[in-house]
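K.L.:
turn this into a structure:
(2 chains)
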Amino acid sequence: DAEITQSPRHKITETGRQVTLACHQTWNHNNMFWYRQDLGHGLRLIHYSYGVQDTNKGEVSDGYSVSRSNTEDLPLTLESAASSQTSVYFCASSESLAGAYNEQFFGPGTRLTVL
Amino acid sequence: GQNIDQPTEMTATEGAIVQINCTYQTSGFNGLFWYQQHAGEAPTFLSYNVLDGLEEKGRFSSFLSRSKGYSYLLLKELQMKDSASYLCAVRGTGGGSYIPTFGRGTSLIVHP
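P.N.:
Okay, here's the model as predicted:
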């Protein structure tokens, strides 16, 4: 069965370190997304990609970067981790952005703590 | 941009019916989603509305009124496992607006 996975599931790091969160999907979806979820804010979009070599900034992109070298993976990098980036991070993918089959499929999430 | 409003928390009794409302303001509208998220888990898709009216799927139904910027999710015959957060997400038109914007979610507590 197709799936979307994230690793690690839990991560503790220190302020100033570079951290990369992995996201891998086997749906063969072109569209991939990274969100963070914090109490009182809901899901907020960090970065998204419509296909290989395409990346775009979302609502809360400062301090984060992504790269898309293949269809399956969209790693999220925190260049210099800050305590404000302590959050739960969800990766998602979707087949299309309009019409049928446009729902997003979410990974299990990564809980990141920055000390 | 989009502004989405839903109640923070609701409680209901097992076996009852509950309606979770979502109101939105958007410069362009291209669909509304409802997702369910159990504590510590990923959101999962429940329903999608792009035209006015009611979409029924088992115990869950979703309604949309585009002219009023309003949707609701109706859960019938509530079960304890329905205790979860319910997220309303609206998709706009043009560029990044095609990506749904999520509301803050409604935490539903079902008690015996």
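
K.L.:
any stretches of chain A with poor pLDDT?
P.N.:
Per-residue confidence for chain A (pLDDT under 70) gives these ranges: A:99-101.

K.L.:
near chain B, which residues of it show up?
P.N.:
Residues of chain A lying close to chain B (C-beta under 8 Å from any C-beta of the partner chain) are A:33, A:35, A:40-45, A:48, A:56, A:58, A:90, A:97-98, A:102-109. C-beta: built from backbone N, CA, C; applies to glycine.

K.L.:
7 Å instead, please
P.N.:
A:33, A:40-43, A:45, A:48, A:56, A:90, A:97-98, A:103, A:106-109 (C-beta under 7 Å from any C-beta of the partner chain).

K.L.:
of these, just say which sits nearest to B:Gly69.
P.N.:
Taking C-beta to C-beta as the measure, A:Gly42 is the one of these closest to B:Gly69, at 17.9 Å.

K.L.:
give me the element the residue lying closest to the closest one once chain neighbours are set aside is part of.
P.N.:
Excluding the flanking residues, the one nearest A:Gly42 by C-beta to C-beta, 6 or more residues apart in numbering or on different chains is B:Arg104, at 4.0 Å. Using DSSP states H and E, B:Arg104 maps to neither a helix nor a strand.

K.L.:
contacting residues around B:Arg104?
P.N.:
A:40-42, B:6 (C-beta atoms under 7 Å, 6 or more residues apart in numbering or on different chains).

K.L.:
can I get those in a markdown table with neighbour count?
P.N.:
Formatted as a markdown table, those follow (neighbours: other C-beta atoms under 10 Å in any protein chain shown):
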| residue | neighbour count |
| --- | --- |
| A:Gly40 | 7 |
| A:His41 | 13 |
| A:Gly42 | 20 |
| B:Gln6 | 22 |
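
K.L.:
identify the residues contacting stretch B:83-95?
P.N.:
A:42-43, B:2, B:4, B:6, B:20, B:22, B:24, B:26-38, B:43, B:71, B:73, B:98, B:100-103, B:105-110.

K.L.:
from the residues you listed, keep the buried residues only.
P.N.:
A:42-43, B:2, B:4, B:6, B:20, B:22, B:24, B:26, B:29-37, B:43, B:71, B:73, B:98, B:100-103, B:105-108, B:110 (16 or more other C-beta atoms under 10 Å in any protein chain shown).

K.L.:
list the contacts of residue 111.
P.N.:
Using chain A here. A:10, A:88.

K.L.:
nope, chain B please
P.N.:
Contacts of B:His111 (C-beta under 7 Å, 6+ apart): B:11, B:13-14.

K.L.:
looking at these, which are in strands?
P.N.:
B:11, B:13 (DSSP state E).

K.L.:
who wins for most neighbours among the contacts of B:His111?
P.N.:
Neighbour counts for the contacts of B:His111 peak at B:Glu14, which has 13 neighbours (criterion: other C-beta atoms under 10 Å in any protein chain shown).

K.L.:
that one contacts B:Ile109, correct?
P.N.:
No - B:Glu14 lies out of contact with B:Ile109 (C-beta atoms under 7 Å); the separation is 10.9 Å.

K.L.:
for the residue nearest to the spatial centre of chain A, which non-adjacent residue is spatially closest?
P.N.:
Nearest to the mean C-alpha position of chain A, by C-alpha atoms, centre = their mean, lies A:Trp34 at 2.6 Å. For A:Trp34, ignoring the flanking residues on the chain, the nearest one in space by C-beta to C-beta, 6+ apart is A:Ile46 at 4.4 Å.
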